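[1] Quick one: sequence plus predicted model below, questions after.
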Amino acid sequence: QVQLAESGGGLVQAGGSLRLSCAASGRTFSSYTIGWFRQAPGKEREFVSVTWSSTHYYAESVRGRFTISTDNAKNTVYLQMDSLKPEDTAVYYCAARPGAYLSDRYQEYNYWGQGTPVTVSS
């Protein structure tokens with residue numbers, strides 16, 4: 001089992017940047033696929049990015065603006081968010097599933113953090 005905790009959310013103006021962190025504890029961190037998802041008020045949870053080893057995928061809406069990275073020594077996955085837009089406003093969650101399975105479907109992830117809110121003002 002793995003426990004996840006997000007941090008780094010906040011209020012930022014459009015065009016600004018934030019870096020979210022997902023700290024993992026428990027079992028071997030590197031054996032999990034880690035995904036980032038977000039959920040805006042009244043909307044379904046949507047895929048943002050996913051990473052396994054050196055393989056990363058991004059949603060079309062964030063590609064070129066967001067960067068996912070991993071620090072295995074710290075058991076932490078980061079989501080660097082640049083050129084933020086008001087439509088990026090949401091609660092951001094990290095999630096984990098065992099093994100190498102880079103899914104963009106939130107239903108396929110077993111473990112979730114509590115989420116960190118991001119608000120982008122225009």
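    Received the coordinates, thanks.

[2] okay, CA-based contacts and neighbour counts for the rest of this
    Fine.

[3] residue contacts, the residue nearest to Ser53 when sequence neighbours are not counted?
    Leaving aside its sequence neighbours, Ser53 sits nearest to Ser30 (Cα to Cα, 6 or more residues apart in numbering; 7.4 Å). If you count contacts by Cα atoms under 8 Å, 6 or more residues apart in numbering, Ser30 has them with 52-53, 72, 75.

[4] quick check, Ser30 in a helix?
    Yes - looking at Ser30 with DSSP: H, G, I helix; E, B strand; the rest coil, it is inside a helix.

[5] Relative to Lys43, how far out is it?
    31 Å (Cα to Cα, to the nearest Å).

[6] swap in Ala96?
    From Ala96 to Lys43 the distance is 21 Å (Cα to Cα).

[7] Repeat that for Gly35.
    Here the criterion is Cα to Cα. By it, Gly35 lies 18 Å from Lys43.

[8] Compare those two (neighbour count), which wins?
    Shown here are Gly35 and Lys43; by other Cα atoms under 10 Å, Gly35 has more neighbours (30 against 9).

[9] Quick check, central residue of this protein?
    The centre of the chain sits closest to Trp36, judged by Cα atoms, centre = their mean, with a distance of 2.5 Å.
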